[in-house]
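Colleague: Sequence plus predicted model, see below.
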There are 2 protein chains.
Amino acid sequence: MEKKVWLLAVGMTAFALAPGCKPKGAQTAITGDAASKVYVAPGNHDEFYNIVSGGFNGQISVVGLPSGRVLKILPVFSVNPENGWGYSEESKPMLNTSHGFVPWDDLHHIAISTTNAEHDARWAFANANNTPRIARIDLNTFKTVEIIEIPNSAGNHSSPFITQNTEYVVAGTRFSVPVGDNQDVSIDSYKENFKGHISFIGVNPESGEMNLSFQIEAPPFNFDLARAGKNMSHGWFFFSTYNTEMAHTLLEVNASQKDKDFIMAINWKKAEEYVKAGKGTKKKASYVHNKWDEETHSATSTKIEEVLTLDPTVLKDIVYFIPCPKSPHGTDTDPTGEYIVGSGKLAAIIPVFSFTKMLAAIENKDFEGELNGMPVLKYESVLHGEVVKPGLGPLHTEFDGKGFAYTSMFVSSEIVKWNIETLEVVDRVPTYYSVGHLSIPGGPTGKPHGKYMVAYNKITKDRYLPTGPELAHSAQLYDISGDKMQLLLDFPTIGEPHYAEAFPASLIKDRQVKFYPIEKNMSPFALKGITDARVERKGNEIHVYMTSIRSNFRPDNIEGVNVGDEVYFHVTNLEQDWDVPHGFAIKGANTAELLIMPGETSTLKWVPDRAGVFPFYCTDFCSALHQEMQGYLRVSPKGTNTPLKFSTGDVE
Amino acid sequence: MEKKVWLLAVGMTAFALAPGCKPKGAQTAITGDAASKVYVAPGNHDEFYNIVSGGFNGQISVVGLPSGRVLKILPVFSVNPENGWGYSEESKPMLNTSHGFVPWDDLHHIAISTTNAEHDARWAFANANNTPRIARIDLNTFKTVEIIEIPNSAGNHSSPFITQNTEYVVAGTRFSVPVGDNQDVSIDSYKENFKGHISFIGVNPESGEMNLSFQIEAPPFNFDLARAGKNMSHGWFFFSTYNTEMAHTLLEVNASQKDKDFIMAINWKKAEEYVKAGKGTKKKASYVHNKWDEETHSATSTKIEEVLTLDPTVLKDIVYFIPCPKSPHGTDTDPTGEYIVGSGKLAAIIPVFSFTKMLAAIENKDFEGELNGMPVLKYESVLHGEVVKPGLGPLHTEFDGKGFAYTSMFVSSEIVKWNIETLEVVDRVPTYYSVGHLSIPGGPTGKPHGKYMVAYNKITKDRYLPTGPELAHSAQLYDISGDKMQLLLDFPTIGEPHYAEAFPASLIKDRQVKFYPIEKNMSPFALKGITDARVERKGNEIHVYMTSIRSNFRPDNIEGVNVGDEVYFHVTNLEQDWDVPHGFAIKGANTAELLIMPGETSTLKWVPDRAGVFPFYCTDFCSALHQEMQGYLRVSPKGTNTPLKFSTGDVE
C-alpha cells in the first residue's frame, strides 16, 4: 500500500513540475496595434489604477494600465529603508505585533472598498500572511494607515475579502493551530488539538477604522481564497478549503487524497444577529491594533486581550459545506451573485454552484451528511453545472460584466474564457508561464469594466533579458474588449504579485492629497517656521527640533552631544508644494534615512557610540543647491561637559 | 554687507526653487512611431541593459531599454526583506561596517567595468554615500559580491569612477571631516582640522576583488563627480570640487561666494609610481572589507586597520587645480580623452578644457598661483572653449560617439546637444522636470552606442496618475539616432535614480548563471539530497538541516525545541532548474524570509520567546502543490526535557 501511495506522490511531483513548459496551442498573434494600445504618450495618464500585492516583499505596487508602469511601491508590512518606514520613531509602532516588532511579511491579496458591490476606492485592504494581520491603505494619500492583528490564526493567506458595502473585511486561517492556554501540544494530535478560525473585522463606514467583531470556529482544515456573496447573495460568504483530510505531514501527498474538499458557506448576516443576541463567547486572545494618525503624522499600537467567538456546531444555521473538487485554491462569485465558482487546483472541471439552489437545498435540508457537526449539502443539489475540459489546474476566476468568466489555469499555463450561463468555453489563450491570479478592472465586483485583463504569472524564465538566477515575476496584459482575448504586453512586476484589483483612475485621481498643510501638523515636535529651530537636552536625551526647506537644515551645526546620549532628530519639512520631499540621514547612525513629505514631521533616533564629527545631509535631490543642504553633529566623549551649541544659519 | 549677502541668499533660494516650472520652448512632438520604437513585443527582449542607481533606496535597478521595464531590483546596501538580504545569516556580514551593521545607504552612482575604455560589463560598481563604501556586483549573477568601506571619508558621493582598464575604482569624499586620533574638534575649526581624501581602490583584473591601494590627502573642499581620463588622457583623473570657500554653515549661501571652484586633476600613474617607490605613509584607519563567496553562498567581513597615504603638497606633481565656474556638480571626459567638460551648477556657460593644453600648461608652469601648496593652472591656458547660453544649471554631460555632447540642465529643465569641437549648440529638448543625470549606452566610455538617451528627472509632479504626496521619480527616453533628439517615453523609476550606465544586452546575456550546481555547493550546511535532512542539538543551538524541493520541506514537523533555544534553519534548495526558487518563513519569528535560489543554502535564525506550534511554509509560488509545502515547529517551555523529534515525510 505504501508503495502505491509513493507512486502517487511521484505522479503528483511530476504534475507539480509541469509549470514552465510551453503550453500547447497556437501563440496568440501580436497584431500591429498592440504597441499603440499600451503606449501612454509622455504627459498622458493611464486609464486604470492597478493595486497589486507584492507577495513576499510585503508591500503593494501601484501600477498604471494599460502601460504596465509601476507608479509607486507602497510600504505596508515590510520595513522600507528608502523612506524610513519601520525606522522613523513615528512609523515603528505600525510594524508592532503581539510578539514585538516584525520587519517583514508576505502580502498576498488586495481588496478595494466597495459600496453596493461597486468600487468606491476609498481604501485598499491587504493581508499579512505570516503574522496574521490586515492593513488598510488610504487611497487619498496612498499610505498605510491601520494594521490589525488576527488572533487564533496562522498563515493569514485566506484574506482580505470584503462584503459589498465594506461592512466587514474577512479572513480565514490558512494553517490550523492549537489555541487557548496550552499550545504546547504534539503535532500528531492535530485532529484533536488544532483549530481553524474565520475572522470578521468590522469597518467603520465613515473613518474606515477596523475592529475584530467576531470569529467563527472551524474544523482544522486549511482555508483558502474566498468571496463574499454580492447583490442577490449579499449576506453570505464562500470560503474554499483544502486539506480536509486534516493531514499534518507531507501535505503534497496526504492532503491530496480526497476527490472533493469543500466550499464553506457562511450566513454572516445570521452570525451578526447571533452576535447582537449575545450568543457569542468572549475568549482570551492577544493581538495588537496599530493606527496611523494623519494629524500628528505618527502611529500608536494598542494591545487587545479578548475576542468574541461563535461556535457553528451550536449555532447550526450559520455554516454549510458544499462539496468541491479538488483542493480548491479559490471561490469566486459572479457580478449578479447567483453563481459561485470553485477553482480546484487538482480538478479536471470547474464546478459552478447556484446560490438559488443552495438556499433551496438548505431549506429542504438536502444534506449528504454532517461534518464536525455542521451540515454538508448535496453536490448535485447545489450545482448549476460544470465547465468541462477547461484545462489543468484552475486557480482563479474573474468576470467581465458581459456574461463571461475568465479562469486562470496554473498547470496548463492558459486562460480560459467561458459563458457563465451556458458553461461553454468560448476562447483560450496561453500564458508565459504558469498563471496565478487574474485581474480585470472591477472584476470581482458587481460592476466589472471588462476592457483589460492582467495575468500574474508565477514562472518567468526567458521572457525578459536574463538577470542571473533570481528573476522578476511577470505579468501579461490582454485586451478583452472583443470576442477573443488579445495579448498586448509582457511586463515585469515588483515582488511576487498574487492578487490585484484595478479601477478607473477617474474614481480617485482628483481627490489625491498633494502635501500636508503645515498649520494642521499636530506633531508635538512640529515647527512652524525656521526661527523655531532649536536643540534641547532632557537628561541624556537630546531633542533636535529641525526645519528643512530648500536648501538648508536649521540648525546645521550641533555641538555638546556626548557618546551615549539619545539623539532625536525631529525634522519638519516646511515646504508647501507637491513633490518636494526632503530626506535626512546622518553618517554613522546604524539606521535608515527619513523621507519627509511637505508639511510632515519625522523623527530619527541615534545613540552615538563614538566621538567625532558626523555630517548630515538631505538625501532627496530637492534643488540646484541640494548638494549644499548639509550640517554637522559633533559628538564628544562620555562625560564631556560641553554646553549645547547650535547654529541656525549664519552668513560667513 | 550682511544685508547684501542675504539678498544673494534670497536670490539663490528663488533660483533653487525654479525646478518644477515647465521649461520654455516648444514641446517635442511625439511622432506616431514613438509607440513602436519603445514597444518590445511579448517574448522579445530589450536591446540594452540599463544599470540604474536607486539613490536613497540603496539598491540598483536593472532596466531594459527601450521599453523602460524594471527587470530586477538588486539589493546592495539596504536590507531587502523580500529575499532575506541582510536577514539571512549568510548575508548579514555584507552589511557590516566599522561601526556595526547598517541597514541602509544612499546609492548614487554606477560604474560598469571597462577594458581599453570600452564596457566589458563583467562587474558593476556602486557607491554608498552615507557610510562611505564601494560595492561590486557580479554581472553574471546580478549579485552583490563585495563591499569595501572607505576610511577618512564622509559622504561618499563622489564615487565610483573607474580607470579605463578598471585598474582602480576611485572615490572622493563629499564632506571633509576630522581624521586621526582626536576627531572631537570644534566645527568652527573647519579650515584647520577638517581634511578631504581621494581614495584609489585597486581591482584585481581576474577576480575583480578590491583593495584600498592608497589615499591622496586633499584640502577641506567638498568633492563631487569625477571621470578618469581615457585613451589619450589615460593615467589622469578629474574631480570636480565645490565649497572651495571652505564654509561649514549655511552652505547654500556661504559655499556659493566664489565665481570659480576647481577641477582637481590627478596624475594617478605618477601617484602609483610614488607608491611603488615607497613615498606613501602608512596611517592608522579602521574599515571593513566584506566578501561574498559563491561556493559557500556566504559572506565574511574582515576589519582592516591601516591605509597608505600620499601627500600632494610634498609629492608636488600629482595634483593640479583647474579653475572651473561655478560650484561644479561634475566633470566628464569625451570618448577621445582630449576634452574635459565641467558642469558648474551655478554657471552660465559650460567650460570645455583641453587635455593637450593642460599638459602644456603644466610643462610651462603656466600657473596662476598655489592652493594649499598645490599649483593652480591658468583657466585660459587650459580652456578649449566655452559653450555659451547652454541653459541654466548644467549638471552632467554624456557623449554619443559621433562628435556630440549632451548636457542636462537642472534649472531650466532641458537637455542641450552641442558639438564637442565647435562648442555650438545644435539642439535642445525640454525635460519634465528638473533633469539630473543622463545615460547613453556606452556614453561615459571610449565607445558610446549613441542610439538612446535616458534623462533621470528629479521632479515628477503631474507626469503620472497621482499617488498621494510621495511620488515615483521619473525618467524619459529619447531617440538620439538622428540630428534632433526625439522624446519617446516617460517611465517611472525605483528609488531615486541618480546615475546609470547602459550597455548592449549581447555583452552579457549569454553568460548569465541560471542556477547553482548542487554538487558545487560548499556551504557547511548544504544537503545533497532529501535523505540527509535532519535536526541536531548542540547545547542550546538547534540546527535544522532542511531540504526544499517541489513541493515539500524535509523535515516538515519538528518537536523538542525549547523557548530560548537558538534555532537555525539551514535550507538547501535542491532544484536544478532556472527560476525555481523556494522561500522559507516561519510564523512568529521577528525576522524576514529566506529566498533560496536553486542549488543554494541559506540560514534563518530564530530564538523563540514563547511556547506553541508555529507553521512554516514556502513563500514563493513554486508548483501546483505550493500551498501544501508547509510544516510545523513545536516550541515547548524552557526546561522541558523533550527529545528532538522530526518527520521527513510520512505518507499517512
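Modeller: Okay, I see it. A quick note: this is a predicted structure, and the numbers were derived from the prediction, not measured. Numbers count the residues shown, from 1 in each chain, chains lettered A, B, ... in the order given.

Colleague: which one is the one residue in the stretch 251-400 of chain A that gets nearest to chain B nearest to, not counting chain neighbours?
Modeller: The minimum distance from the stretch 251-400 of chain A to chain B, using CB to the nearest CB, falls at A:Leu251 (3.8 Å). (Each C-beta comes from the backbone N, C-alpha and C, glycine too.) The shortest distance from A:Leu251 to any non-neighbouring residue, by CB to CB, 6 or more residues apart in numbering or on different chains, is to B:Glu628 (3.8 Å).

Colleague: Now do the same contact list for the one you found.
Modeller: B:Glu628 makes contacts with A:Tyr242, A:Asn243, A:Leu251, A:Glu252, A:Ala255, A:Ser256, A:Ser327, B:Ser551, B:Asn552, as judged by CB atoms under 8 Å, 6 or more residues apart in numbering or on different chains.

Colleague: do A:Ala526 as well
Modeller: A:Ile518, A:His570, A:Thr572, A:Thr601.

Colleague: which two in these are spaced the farthest apart?
Modeller: Spatial extent of the contacts of A:Ala526 (CB to CB) is set by the pair A:Ile518 and A:His570 at 14.3 Å.

Colleague: Out of these two, name the residue with the larger neighbour count.
Modeller: Taking neighbours as other CB atoms under 10 Å in any protein chain shown, A:Ile518 and A:His570 compare with A:His570 leading, 22 against 19.

Colleague: From what I see, that one and A:Thr603 are in contact.
Modeller: Yes. A:His570 lies in contact with A:Thr603 (CB atoms under 8 Å); the separation is 4.9 Å.

Colleague: Please enumerate the shared neighbours of these two.
Modeller: With CB under 8 Å, 6+ apart as the test, A:His570 and A:Thr603 both reach A:Phe525.

Colleague: Against A:Phe223, how distant is the most centrally placed residue in chain A?
Modeller: Residue closest to the mean C-alpha point of chain A, counted by CA atoms, centre = their mean, is A:Ala126 at 2.7 Å. Counting by CB to CB, to the nearest Å, the separation of A:Ala126 from A:Phe223 is 18 Å.

Colleague: Same check on A:Asn165?
Modeller: Relative to A:Phe223, A:Asn165 is positioned 23 Å away (CB to CB).

Colleague: Between those two, which has more neighbouring residues?
Modeller: Per other CB under 10 Å, whichever of A:Asn165 and A:Phe223 has more neighbours is A:Phe223, with 28 against 17.

Colleague: tell me the domain ranges of chain A?
Modeller: Domain assignment of chain A by automatic domain parsing yields the ranges A:2-295+A:307-511, A:518-647.

Colleague: Figure out how far the shortest one is from the centre of its chain.
Modeller: So that's domain A:518-647. Mean C-alpha position of domain A:518-647 versus that of the full chain (CA atoms, centre = their mean, to the nearest Å) differs by 34 Å.

Colleague: Then the first one?
Modeller: On the basis of CA atoms, centre = their mean, the separation between the geometric centre of domain A:2-295+A:307-511 and that of its chain is 10 Å.

Colleague: what residue ranges in chain A score low on pLDDT?
Modeller: Scanning chain A for pLDDT under 70 picks out A:1-32, A:649-652.

Colleague: now the helices for it?
Modeller: Here chain A has its helices, by DSSP state H, at A:2-17, A:34-38, A:190-193, A:251-254, A:268-276, A:355-363, A:379-382.

Colleague: which residues touch A:Ser286?
Modeller: A:Ser98, A:Pro151, A:Lys303, A:Ile304, A:Glu305.

Colleague: so how many other residues sit close to A:Gly369?
Modeller: As a measure of burial, A:Gly369 has 9 neighbours, counting by other CB under 10 Å.

Colleague: again, but for the one 10 residues further on
Modeller: A count of nearby residues for A:Tyr379, using other CB under 10 Å, gives 15.

Colleague: before we move on, back to that, does the residue of the stretch 251-400 of chain A closest to chain B touch B:Gln630 like I think?
Modeller: Yes. Using CB under 8 Å, A:Leu251 makes contact with B:Gln630 at a distance of 6.1 Å.

Colleague: Excluding chain neighbours, give the residue nearest to A:Arg174 in space.
Modeller: Nearest residue to A:Arg174 in three dimensions, chain neighbours excluded: A:Gly155, at 3.3 Å (CB to CB, 6+ apart).

Colleague: residues contacting that neighbour?
Modeller: Counting by CB under 8 Å, 6+ apart, A:Gly155 has contacts A:Asn129, A:Asn130, A:Pro132, A:Thr173, A:Arg174, A:Phe175, B:Lys587, B:Pro615, B:Tyr617, B:Gln630.

Colleague: Buried ones from those, can you make that a ChimeraX selection?
Modeller: With 16 or more other CB atoms under 10 Å in any protein chain shown as the criterion, this ChimeraX line picks the buried residues out of the contacts of A:Gly155:
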select /A:129,130,132,173,174,175 /B:587,615,617,630
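
Colleague: possible to save the contacts of A:Gly155 as JSON lines with distance to A:Lys269?
Modeller: As requested, the contacts of A:Gly155 are exported to JSON lines (distance: CB to CB, whole Å):
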{"residue": "A:Asn129", "distance to A:Lys269": "28"}
{"residue": "A:Asn130", "distance to A:Lys269": "32"}
{"residue": "A:Pro132", "distance to A:Lys269": "25"}
{"residue": "A:Thr173", "distance to A:Lys269": "22"}
{"residue": "A:Arg174", "distance to A:Lys269": "25"}
{"residue": "A:Phe175", "distance to A:Lys269": "28"}
{"residue": "B:Lys587", "distance to A:Lys269": "32"}
{"residue": "B:Pro615", "distance to A:Lys269": "32"}
{"residue": "B:Tyr617", "distance to A:Lys269": "33"}
{"residue": "B:Gln630", "distance to A:Lys269": "34"}
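
Colleague: Pick the one among the contacts of A:Gly155 closest to B:Glu294.
Modeller: When those are ranked by distance to B:Glu294 (CB to CB), B:Tyr617 comes first, at 28.0 Å.

Colleague: and the closest one, what is it in contact with?
Modeller: Shown in contact with B:Tyr617 (CB under 8 Å, 6+ apart): A:Gly155, A:Arg174, A:Phe175, B:Phe584, B:Ala585, B:Met629, B:Gln630, B:Gly631.

Colleague: Against A:Phe238, how distant is it?
Modeller: Distance of B:Tyr617 to A:Phe238, given as CB to CB: 24 Å.
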